[in-house]
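# sharing a model that was predicted from the sequence below.
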Amino acid sequence: MMENPAGKKVSLPAFSSITHAARKPKREFEKKHEQADDASADSSAEFPDRASMMEVRLQAQEDEITLLKSSLADALRRIRLHDQLLPILKQQLIAVNPAAARVLNQVCGSDGCNNRKLSSSSAGDGIRLSANSHVSDLVSPPNGHIGGPKSLKQSMATQDRSTQTDPAPLAQERAPLSRRLQSLNLEDALIPGEPVQEGTRAKLHRVAGLEEEDEEQEEDEEGGGELSWTSSVEEPIQPTTIRGLQREEFHDGSCSPDDPGGSSPSVRTPEQNLTPRPGPLCPIQEGEKKPLVRRNSEKLGNPEKTRKRLDKKAASSANLLTRSPSLESRAKELIAGSGSPASRRGTYGQGQSIKMFIRGRPITMYIPSNIQNYEELKMEPPSERLELDWVYGYRGRDCRANLYFLPTGEAVYFIACVVVLYHINNRTQRHYRKHTDCVRCLTVHPDKVRVASGQTAGVDKDGKPLQPCVHIWDSATLVTLQQIGLGTFQRGVGSVAFSFTDSGASLCVIDDSNEHMLSVWDCNKGTKIAEVKSTNEAVFEVEFNPSDSSNIITCGKSHVYFWTLRDGQFTKKQGIFGKYKKPKFIQCFVFSLTGDVLTGDSEGNILTWGKSAADIKTLGKGAKETFQIMRQTRAHEGSVFTLCNLQGGALLSGGGKDRKIIRWSADLAPERECEIPEKYGAVRTIADVDGEELLVGTTRNAVLRGTFSDGFVAIVQGHVDEMWGLATHPSQNIFLTCGHDRQVCLWNTEEHKLDWSINLEEYGLCAGFCPNGSVVSVGLNSGRWLVLDLLTREVVSESTDGNEQLSVMRYSPDGSFLAVGSHDNFIYIYTVTEFGRRYTRFGKCNGHSSFITHLDWSKDGKYIMSNSGDYEILYWDIAGGCKLLRNRYESKDREWASYTCVLGFHVMGVWLEGSDGTDINALCRSHSERMVAVADDFCKVHLFHYPCPKPKAPSHKYEGHGSHVTNVCFTHSDSHLLSMGGKDTCILQWRVLGGGGGGVGDSRERLASASSTSTSSPEPATG
C-alpha cells in the first residue's frame, strides 16, 4: 500500500500493467455500495458494472503512463550516474599510470569509442571481476603493470568463462570491450611499491551502488512472481596492492607472479572459480551443493535452459530462500600503507544479502553483522497482544435508524465492523465484533435485550466475495444467538426490523440486490418464511406494523409500499399521492397511536397515510381499499431525515438543511424546537432517553446528547472522509489525525475524547510532532505544509515544497531537522530553530524515481532511510549535504530512531507471499523495539515480533476495520496502539497487553542470540 493518499496508491513495479483498481476489489466494492444522504440516496445505478469497468480501464491507462514515466526516469538516472563516473575513472587511470593511458587509447580506438565517454548504454552489460578470478589475470609477470590489448582480451575471455553458470560460445557472451574496461579495478594500474595518496583513494573504486543497480536490473529481467525471496553470500573485496592479491592466489593454489616458474598469467579452472571461499557466514560442508546466483547479464544461449531458469524463479518464496556464493566482487575502500608488502595483503570480509522480489522487482537488503546464522533464525509471534480499548467515530453520513438507547444506560450504534455499546454516564464502551465486514443497519428487539445487525458483503484479500448476513445477538453477554441469511442476501443488508405482536419472533430484511429482496425469517430457527422482490429503486427503511405482524411497510425513492403476508405469500399495495406532489424520496416513517403511518420526505413534509374504502363508483365492484394521503404537514426546510415516537403520542422530527429538531403533539401541532450546531451537520436519527433527554446522530458522524432547554453537546465525534495522517505525541497521551475532510483533530487517549479540531482549506495527508511536543507539522495535498501550536492552535510557520501532495513529515530525534517527503520524488530537509517555530531550507534529497512513501531518521540524526512507490530503499547522508549513499551495504548496521519504512531487512517478514507491493500501507515499531504493528489493505491490523527478518513470520491478527487500514502508531509509552481506516472513517484504540521486560536495544540482543541458538523452523501465524 504503498500509499497514494490522493486516490489510494499507485503501484510502480517493473513493467507491469496490473492496476490498483483491479487489485483492490474491496475499495471498488465500497464505492458501489456507499449511499449518499439526500439526493444521492438513489444508490441503485442501472449499470454499476459497466461504470466500474470504465473506471478500471481509465485507472489502468493512468497507471500505465505513470509506470512508463517512472521507468524512463530510472533509466535516465542510471545513464547519468554512469556518464558522471566514467570520465573520473579515465582521468584517474591516466594520472596514476601514463602507460596505461596509451593502452586505453589503443583499445578505445580499436573498438571505435569516442573521446567523450565510455559506453554507458546499459547498467548490466559489463563483466565484473569475481573474487575468485582476481586482477592478477590481467597483469604481466615482470612488473605487474597492465598488459597490452592481447593480454587484456585473453584475461577477459578467462573472466567470461569463470563467471558463467552454464557454458556458452564466447562470441555470443562477450560484451563490448569499452564496457569491460569499467570492470577493471584501477588499482591494477598502480606501480608496485608506490603508495597511494589518501586524497585520491576515494576516486579509484567503483561506486557500489551502481553495481547493486546493475544486478537488480538483471534480477528484474529474470525474477518472476509477485513476491519471492532469495539470499546470497556477498564477498566485498577490500582492495589492496597487486602483490597482496597475488599472494592470496598463491595461498589458494595458484602460481605466484614472484615464482620464476609463473611466466604466464595464472588461469583458474571454472571449478576453482565457482568454489566459495569458506568463512564464518558461509560454512561449506563436504558434499553440500549450493545453487549459484547468476551475476552477469549475458543471456544463456540455450533457450530451454533459460525457460527452466525463469520457471524456477517463479516458484514459491519458500523454494527461493536459498544461500549461494556470490561471483561478484565489490570494491569497498583502498587500503594504503607503508612497510613490508605483507602488511598490505588483501583482507576479505563477507556479508550476506537477501533479495525479495515484489512483482518481479528485486529488493536487496543486507544482513546486519550481529546475525551469524540467518537461516537458523526462529521467528515467533510477539508475547504482547492487543485488546480493543476504544472506538472513535459513528457512521451517520450514509446510514439511517442506527442509534438506539437501551435500559442499561447504553447507546447502541455502529462504525466499521464494530457495534458499540457506549454507556453515556459511565463513559465506557463494550464492543460486538463478530461481523466480518462493515455493519450497515441495526435494530433492537422489543425485549430491549436482543439486537439484530446486518453487514455488507465485502471481499477477501483474493477478491472473492464474502457473503452478507444478519447477526442476532445478546446485548448483555455479546453472544451471537443466530446468524440469518448467510448465502441468501446479495451485496449487503440494507435494513432490518423485528416484529412486535408475536414477541419479536420474526425478522424482516431488505438486501442490497438490484431487486431489493424483501424476506421474513424465523428468529429462533434461522429459517426463511417468505421472500419477494420489492423494487428496483432504493429502499431506505422497513418496519412491521406494531399491531399486526402480517403488515409490513417499506419506503424509499418515490414510493411507499404496504405489504401483506398471508400463507407465505406477499401482496403489495402502493401508496397513492393523489393531488399531492410526489416527493423524490420518502426518507422515514413511523406508526402513530391511531394506527396511521407518518412519513417524512425530501420536500420537508410529514405526510399522514390512511386506509380508504374501495371506490366502487369509479373503479367498479372489483375495487379494493387503498392507502392515500390524509394530511400534509409542513415541517422542515429541506428533507425530513428521521421521525421518533415519544411516550404519550408526541412526535420528534429531525431536519436536514435546517438542522432543527421539532417536537410535535399527537395531532401534529409544533410544540418546541431547537437547532444543532452547524459543525455537526444535519440530523440523521434521534433516540429517546427518558422523554426529555435525547440522543441525536448527525450526518457528520457525531452523536449529541442534550435537551431542548439546555442544548446539545457531542459525546461521540469522528472524521467524515478518508483519513491518512496520524501522529502520537512524544510525551503525552494525545494523538493527531487528519484526512480528506480537511479536519485536523487532536484526541486524548486517556479521556477518550476530542480535545480540539480545526478546519483547513486543503486536506491533510500526514503529520509529525516535534520532539519537544509543543508544535506539530501537517502536510497537505498541494505540497503546502503547516506547523501548528498545540495550545493556541495557531499556524506558527508554513511553507510549500513542490506542487504535489506530501506523504511524510518526520523530525530528527533531536528536533534539529524536519524531513518532508513528497510525491514529486524529493525529500526536503529543513533546519528547525526557536523550539520548532522557525524553519530554514537545508537541502533536498534527489534520487528516487517514484513518490516518497515512508522515511525514518537514524538515532544520531545524520542519516535517513526512505521508501518510494516503486519499492526502492535508499539511504541519505543528511549531515554531509543530503547525499545519496550508493553503497547500501554500509547502512546495514545503522540504528534507526523510528521504523516506519515498510521495506527493510528488519521488517521483511511482514510481507505475505504473493503481495503486490501495495498491500501494506503502514507499519510502526514500538518504542521498546520489541514489536511492530502493520496496517494492511485487507482491513487487518497485525502485530509482529520485532525484528522479523524472515518470510512467513507469524503474527497476531486483529479485525475491526471495514476498509483499508491507512496508518498505525504506538503511543509514547507503548501502552496503546492506534489504527485508522480509510473509507470507514474509524479510529481504533488498542490496549497492549503482556510482554513486560526489555527495553530499547533489547531487540538487537534477542536477534543476535536467536541467530546463534535457534534451530527450528518458523512457527505458523497466529491470530
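Thanks, I have it.
# ranges for the helices of the stretch 901-1023 of the chain?
1002-1013 (DSSP state H, counting those that start in this stretch).
# what sits against G649?
Counting by CB atoms under 8 Å, 6 or more residues apart in numbering, G649 touches 592-593, 665-666. Backbone N, C-alpha and C define where each C-beta goes, glycine included.
# shaky segments in this structure?
Scanning the chain for pLDDT under 70 picks out the ranges 1-50, 52, 99-351, 461-463, 614-623, 996-1023.
# ChimeraX command to pick out the buried ones of the contacts of G649?
Buried residues among the contacts of G649 (16 or more other CB atoms under 10 Å), as a ChimeraX selection:
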select :592
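# which one of the contacts of G649 is nearest R672?
Of all these, S665 has the smallest distance to R672: 10.3 Å, by CB to CB.
# quick one: that closest one and A650 touch, right?
Yes: contact criterion CB atoms under 8 Å: S665 and A650 qualify, at 6.2 Å.
# joint contacts of those two?
E671.
# circling back: in helices only, show me the contacts of G649.
Using DSSP state H, no member of the contacts of G649 falls in helices.
# which strands border the one helix or strand V542 maps to, and is each parallel or antiparallel?
Counting by DSSP states H and E, the element that carries V542 is strand 539-545. Strand pairing for strand 539-545, using DSSP bridges, gives strand 548-556 (antiparallel).
# still on that earlier bit, let me know the closest of the contacts of G649 to S547.
Out of these, the member with the shortest distance to S547 (by CB to CB) is L593, at 10.2 Å.
# how far away is the closest residue in space to the closest one that isn't next to it in sequence from N605?
Nearest residue to L593, sequence neighbours excluded (CB to CB, 6 or more residues apart in numbering): G649, at 4.7 Å. To N605, G649 is 20 Å away according to CB to CB, to the nearest Å.
# again, but for I88
82 Å.
# what do you get for S506?
31 Å.
# compare the two (neighbour count), which wins?
Shown here are S506 and N605; by other CB atoms under 10 Å, S506 has more neighbours (23 against 20).
# list the buried residues of stretch 795-814.
796-797, 799, 801-802, 804-813.
# what's the neighbour count on L788?
L788, neighbours per other CB under 10 Å, totals 22.
# tell me if it really is in a helix.
No: L788 is assigned strand when assessed by DSSP: H, G, I helix; E, B strand; the rest coil, not a helix.
# count the neighbours of Q483 for me.
Neighbour tally, Q483, other CB under 10 Å: 13.
# what is it paired to in the beta sheet?
Beta-bridge partners of Q483, as defined by DSSP bridges: H471.
# and V713, by the same measure?
R705.
# thought it was touching T707?
No: using CB under 8 Å as the test, V713 is too far from T707 to be in contact (10.7 Å).
# these two: which is more packed in?
T707 (14 against 11).
# state the distance from L754 to F735.
Distance from L754 to F735, by CB to CB: 11 Å.
# could you do K753 as well?
12 Å.
# higher neighbour count, these two?
F735 (25 against 15).
# which residue, other than its chain neighbours, is closest to D389?
R991 (4.2 Å).
# so who does that neighbour touch?
386-389, 975-976.
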